[in-house]
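# The sequence isn't on hand, but the structure is:
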């Protein structure tokens, strides 16, 4: 759920960078659709003989998944689970797959990615827009209901402990991007770029065979800090600069909350970008690594290495993994920034 302004910047950036740089194959028809879904603006652009039909089918897939996964739609699977009072609920196969992935990532990150954090986010007003600072007593009561182990999934049967609630916000858009990309591939599309509210999903390369060029936002100024060159990959960035509020105490509170404390994360990280072959992994890890902090994030990458990452720190330092070093370049205004390579 990125801010609309963030989406607009990313879309103009991507289309500006890519649109002026390639010479399209004249046999490759282009079709682009912009629409609002999953509480954000999206733009899908594809190339191929049946690009228009493919893009429309991908948009339909997004809307189908939104209807299943919305936390506020009374007809959705997630709403049914959250209002089940601990009773077993039968959910769609796609919802079961999403929940299974979220629970798996929760286990792999030792609960840093926490799909049951929704009541805590609501207490801070990050899901309602009515921001406030909860009391420590209130947070303690809510945290008693938080924990991925409180969710039991057996095929398409799910049960949560009474009072616990799930929210797929940390993985849903990434997973939906993978599903939309699969629809395009099944329809013969080999070149496409999906902007899913700031999540980027690239299918193949540009029509001319070169890499897609995707901009990385400076979390401090909003300008373009640098450029990724990617093909057939996804890029997701998370940061507390995206959604925050200033409390009555004059302090700024960001929307990424540490499940261990119930409070917004404060660890010196300004943004985390994750690059991988699957959008769902990027989405999950961009949040989890942000919560972990620099040292734990570096160690987690060393243990897994199935993705690349770039961390921008509040002190202006940049940390990136060795696999992305040659595919990322700073814009001229940022050439003096200190880049630290994680190996």
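Structure received. None of the values given here were measured: they were computed from a predicted structure.
# so who does the residue positioned nearest the centre of the chain touch?
With distances taken as CA atoms, centre = their mean, residue 283 lies nearest the centre of the chain, 3.4 Å away. By CB atoms under 8 Å, 6 or more residues apart in numbering, the residues touching residue 283 are 170, 171, 172, 173, 174, 175, 177, 199, 236. Yep, even glycine has a C-beta here, placed from its N, CA and C like the rest.
# Am I right that the last one is in contact with residue 171?
Spelled out, that is residue 236. No: Residue 236 is not in contact with residue 171 according to CB atoms under 8 Å; the separation is 10.1 Å.
# Run a quick neighbour tally on residue 334.
Counted by other CB atoms under 10 Å, the residues lying close to residue 334 total 18.
# Go ahead and confirm it touches residue 217.
No: the criterion here is CB under 8 Å, and residue 334 misses it with residue 217 at 11.6 Å.
# Find residues that contact each of these two.
Taking CB under 8 Å, 6+ apart as the criterion, residue 334 and residue 217 both touch residue 225.
# for stretch 310-323, which positions count as buried?
The neighbour-count check on stretch 310-323 (16 or more other CB atoms under 10 Å) flags 310, 311, 312, 313, 318, 319, 320, 321, 323 as buried.
# and the fourth one, what does it touch?
Just to be clear, that refers to residue 313. 268, 269, 270, 294, 319.
# neighbour-wise, which of those leads?
That'd be residue 269 among the contacts of residue 313, by other CB under 10 Å, with 24 neighbours.
# give the contact list for residue 121.
Contacts of residue 121 by CB under 8 Å, 6+ apart are 127, 167, 255, 257.
# from those, which two are the most distant?
167 and 255 (12.4 Å; CB to CB).
# What is the neighbour count of the closest residue to residue 32 other than its chain neighbours?
Of all residues beyond its chain neighbours, the one nearest residue 32 is residue 45 (4.1 Å), with distances taken as CB to CB, 6 or more residues apart in numbering. Residues near residue 45, counting by other CB under 10 Å, number 21.
# which is the next helix or strand following the helix or strand hosting the residue nearest to the centre of the chain?
Using DSSP states H and E, residue 283 sits within helix 279-292. Downstream of helix 279-292, the next assigned helix or strand under DSSP H and E is helix 294-304.
# Give the pairing partners of the helix or strand following that following helix; include direction for each.
Next helix or strand after helix 294-304 toward the C-terminus (DSSP H and E): strand 308-313. Strand 308-313 pairs in its sheet with strand 269-276 (antiparallel), strand 318-321 (antiparallel), by DSSP bridges.
# ok, the contacts of residue 313 vs residue 188, which is closest?
Nearest to residue 188 among the contacts of residue 313, counting by CB to CB, is residue 319 at 39.5 Å.
# The closest one bridge partners, please.
With DSSP bridges as the rule, residue 319 is bridged to residue 311, residue 340.
# I'd assumed residue 337 was in contact with it.
No: the pair residue 319 / residue 337 is not scored as a contact, 11.2 Å apart, by CB under 8 Å.
# Now residue 65: phi and psi?
Per-residue torsions, residue 65: phi -70, psi -40 (degrees, to the nearest 10).
# That one and residue 38, how far apart?
Going from residue 65 to residue 38 by CB to CB, to the nearest Å gives 8 Å.
# Quickly list what's touching both of the two.
The contact sets of residue 65 and residue 38 overlap at 172, 176 (CB under 8 Å, 6+ apart).
# When the two are compared, which one has more neighbours?
Comparing residue 65 with residue 38 by other CB under 10 Å, the one with more neighbours is residue 65, at 23 against 19.
# Could you pull up the residues touching the more buried one?
With CB under 8 Å, 6+ apart, residue 65 has these contacts: 94, 172, 175, 176, 179.
# Quick check: buried residues in stretch 268-278?
Residues of stretch 268-278 classed as buried: 269, 270, 271, 272, 273, 274, 275, 276, 278 (neighbour count, 16+ other CB under 10 Å).
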